[in-house]
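**Student:** sequence and predicted structure below; questions after.
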Amino acid sequence: MKNRIAISLGSSFLGFATHAGFMARLHSLGVRPVAVGGSSAGAIAAGLYASGLPQEEIRKTVLAHRFRRSFVRRTPWLTHYLRNTFNGQGVGAFKTDGAIAYLENVLGKRDIESLPGPRFMAAVSNLETCSTHFITSGPLAPAMIASCCIPTVFAPVTHQGMVCFDGGVAHEAPIDPWLDDDDIDLIVMHRVTHTEAPAPRLFPFNFFHLASKAHECASEQLQEYRIRLAAHHGKKVLVTRTVHSRPVTFSGREMPNYYAAGEAQAQNLYDTQLKDLL
């Protein structure tokens, strides 16, 4: 019997183009996962794939400058400043209402339960209860963006009554719900990391860089534990990593190259490991 595959796409700063390229190439090679999921940028790429949108439309979406800009467009600066000062919830430099609206314009206001397949999962963090939740139902676009709400950078999204932050806080590439899933035999984790470059000197970018490196350290350790746990549950896990330069926040010049890098990594994974397992 062929292995039934689930694909987890990891959190990474503006990594949705790389993940989308990775998924597009696997799709062109005939790989059809039974489940896809992710955190942060990975949740965006996984949601686009699970929506059934044609691959070329997904490519246009993740490369669009308007999509990246949508993450800050609808931030009402004065009222948002006051809310951050006097309200304990919703703290974050930017609101993501524009990003949700952008995706709903592309995908429609769809629920996760209505997707044609594969099954979709987005990891989110509840910082009030210090727990991770795996969203598998409810409105699609808000779930995708909720998983991207980096604490202090983006105000959280409320999804089904829960205040949601970035799923990558504790689950860079989420797989836990699949470990007890009898319909899944093989799990692929696609991670996107960046080549080392001099740390930025200006505040707050140096602050964000340091926080990112601390998170990367924790993610590496947690991943090792999860791979061992997956083996204990009888699941085979393939971890593959695409490495490229760090994206520039307000420039999309390199995004097509990142998409191509994801495609190349998928081809390499398929040729060297995946083809013989499917």
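**Tutor:** Arrived safely. Numbering: from 1, shown residues only.
**Student:** out of the helices and strands in the protein, which is least certain?
**Tutor:** Least confident element among the helices and strands of the chain, by mean pLDDT, DSSP states H and E: helix 77-86 (a mean of 53).
**Student:** now the element after it, going C-ward?
**Tutor:** strand 92-94 (DSSP states H and E).
**Student:** what about the strands in the protein?
**Tutor:** For the chain, the strands defined by DSSP state E cover 5-9, 35-38, 92-94, 119-126, 131-135, 152-154, 157-159, 162-166, 186-194, 236-244.
**Student:** burial-wise, tell me which of the ones you listed comes out on top.
**Tutor:** Greatest average neighbour count among the strands of the chain goes to strand 35-38 (a mean of 30), per mean count of other CB atoms under 10 Å. Any C-beta I mention is one placed from the backbone N, CA and C, and that applies to glycine too.
**Student:** that strand - what's its average pLDDT?
**Tutor:** Averaged across strand 35-38, pLDDT comes to 99.
**Student:** any regions of the stretch 151-278 of the chain where pLDDT drops low?
**Tutor:** Applying pLDDT under 70 to the stretch 151-278 of the chain picks out residues 203-205, 207-208, 250.
**Student:** middle-most residue in the protein, spatially?
**Tutor:** residue 42 (1.9 Å; CA atoms, centre = their mean).
**Student:** what's it in contact with, if anything?
**Tutor:** 8, 9, 10, 11, 12, 15, 16, 19, 147, 168, 173, 190 (CB atoms under 8 Å, 6 or more residues apart in numbering).
**Student:** and the furthest pair within those residues?
**Tutor:** The span of the contacts of residue 42, defined through CB to CB, is set by 147 and 190 at 15.4 Å.
**Student:** residues near residue 106, how many?
**Tutor:** Counted by other CB atoms under 10 Å, the residues lying close to residue 106 total 17.
**Student:** same question for residue 39.
**Tutor:** If you count neighbours by other CB under 10 Å, residue 39 ends up with 32.
**Student:** I figured it hits residue 165, correct?
**Tutor:** No. Using CB atoms under 8 Å, residue 39 is not in contact with residue 165, being 10.7 Å away.
**Student:** beta partners for residue 119?
**Tutor:** Residues in a beta bridge with residue 119, per DSSP bridges, are residue 35.
**Student:** ok, it touching residue 136?
**Tutor:** Yes. Counting by CB under 8 Å, residue 119 does reach residue 136; the two are 7.1 Å apart.
**Student:** related to what we said a few turns ago, any chance of the strands of the chain in CSV, with distance to residue 278 too?
**Tutor:** As requested, the strands of the chain are exported to CSV (distance: least, CB to CB, whole Å):
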stretch, distance to residue 278
strand 5-9, 7
strand 35-38, 15
strand 92-94, 41
strand 119-126, 18
strand 131-135, 25
strand 152-154, 37
strand 157-159, 34
strand 162-166, 32
strand 186-194, 8
strand 236-244, 11
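**Student:** which residues touch stretch 211-223?
**Tutor:** 13, 168, 169, 170, 171, 172, 173, 189, 193, 239.
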